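> take this sequence and fold it.
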Amino acid sequence: MNMDIISFLQYSFIQKAFFAGSFVAVTCSVLGLFLVLRKMSLIGDGLSHVSFGAIALGLFLGIYPFYVAVPVVMLASIVILKISEKAKIYGDSAIGIVSAVGIAGGVILASVSKGFNVDLFSYLFGNILAISNTEVVLSVILSFVVLVVIYFFYWDLFSATFDEEYAKTTGIKTNFINILLTLLTAVTVVLSVKMVGIMLVSALLILPAVTALQLAKGFKVAMIIGCFVSLFSVLFGITLSFFLDLPSGATIVMINAILFFLAITYKKFVA
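Numbering: from 1, shown residues only. Below you'll find the predicted structure:
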C-alpha cells in the first residue's frame, strides 16, 4: 500500500490536483466563514448557477470558459446586490432571480449547440483530476489575489460581518465592503467549479465554515480550523476518489459532510 501511495503521488495530474485544490480549499474556507456569518451563504449557490450559463456561453463562442465565467459571474454578483438594494427585494429572492436566468441561459445555449454538451456535463459535476496546466495557474493566481484582498481588508470585513451599523459609524464604507465580498465570492465560485462542479460549489463554501463554527471559540480559530477541514477534505477526497474510482467532486463534499456531522456529535456529547 505504501508503494501504491508513493507511485500515486508521482502522477503529474495528482500533483496538479493537490496543488490547485489546496489553494482553492483555503480560499473557500476563509471566504465561506464571512458568508455564513453574514447569512449570505446562498449567494455561492446562486452564482454557481450563473457560472453554468457563463461556461456554456464560453463554449458556445469558442472561448476558454473560465475567461468568460470570471467577468460574467462577477457582474452577476453586482446585479444581485443592486436588485436587493434598488428593488427592495430580499437578498435570497435576488439570488433566485439571477440564478434562474443563469441556468436558463445555459440550457438554451446547450440546446442550440449540441456539440459541447459533454464538456458542459464535466463542469456540472467537476473533475479536479482532469485539471489542465492553464487551470492550475489560474486557480493559484486568483486564489492568491482573493486571499491577499481578504488580508488587507480583514478588519473592515470582520467589522461589517459582526455589526454593520457600528462599522458604518466608525467610518468603514460598508457598501464597498459588500461589493468586495460578493466579487470575491464570484471569483471563488468560478475557481471551485472545476474541483467539485457547479452543482456542489456552495457545499465547499458552507461546510468547512459551519464545521469550524461548531468547534471554535473565536473567529480566527474558526478560520484556522476551517482551512484544515477544507484542506483535509480536498486532499483526502482526491486520494479516495482515485483509489476507489469515485467522482472527485462528490467525494470531497461527502468527506466535508462527514466532518460536519462528527463536529456536531463532538460538540453535543464531548464539549
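
> what residues does residue 31 make contact with?
146, 150, 181, 184, 185, 188, 205 (Cβ atoms under 8 Å, 6 or more residues apart in numbering). Where you see a C-beta, it was placed from the backbone N, CA and C, and this is true even at glycine.

> tell me, how many residues neighbour the fifth one?
Right, the one you point to is residue 185. 27 (other Cβ atoms under 10 Å).

> repeat that for the last one.
Applying other Cβ under 10 Å, we find 30 other residues in the vicinity of residue 205.

> what of the one 5 residues further on?
In terms of burial, residue 210 registers 19 neighbours under the definition other Cβ under 10 Å.

> sticking with it, tell me its helix or strand.
If you go by DSSP states H and E, residue 210 is part of helix 201-215.

> got it, and residue 122?
If you go by DSSP H and E, residue 122 is part of helix 117-125.

> what pLDDT does the spatially most central residue of the chain get?
For the chain, the residue sitting closest to the mean C-alpha position, by Cα atoms, centre = their mean, is residue 189 at 4.0 Å. Note on residue 189: pLDDT of 88.

> show me what contacts it?
Counting by Cβ under 8 Å, 6+ apart, residue 189 has contacts 44, 47, 48, 51, 73, 201, 205.

> list the contacts for the second one?
The neighbourhood of residue 47, defined by Cβ under 8 Å, 6+ apart, consists of 73, 76, 77, 80, 98, 99, 185, 186, 189, 201.

> skip the chain neighbours and tell me the closest residue to it.
residue 189 (4.4 Å; Cβ to Cβ, 6 or more residues apart in numbering).

> and the gap between that neighbour and residue 81?
15 Å (Cβ to Cβ, to the nearest Å).

> ok, residue 36 next?
To residue 81, residue 36 is 18 Å away according to Cβ to Cβ.

> now do residue 66
Using Cβ to Cβ, residue 66 is found at 23 Å from residue 81.

> so these two - more neighbours on which side?
Using other Cβ under 10 Å as the criterion, residue 66 and residue 81 rank with residue 66 on top: 21 against 18.

> and the more buried one, which of the three is it?
For residue 66, the assignment made with DSSP: H, G, I helix; E, B strand; the rest coil gives helix.

> I'd say it and residue 138 touch.
Yes - the criterion here is Cβ atoms under 8 Å, and residue 66 meets it with residue 138 at 5.9 Å.

> how many neighbours does the residue lying closest to residue 177 once chain neighbours are set aside have?
Here the nearest residue to residue 177 in space, its sequence neighbours aside, is residue 160; by Cβ to Cβ, 6+ apart that works out to 4.6 Å. Residues within reach of residue 160, counting by other Cβ under 10 Å, total 25.
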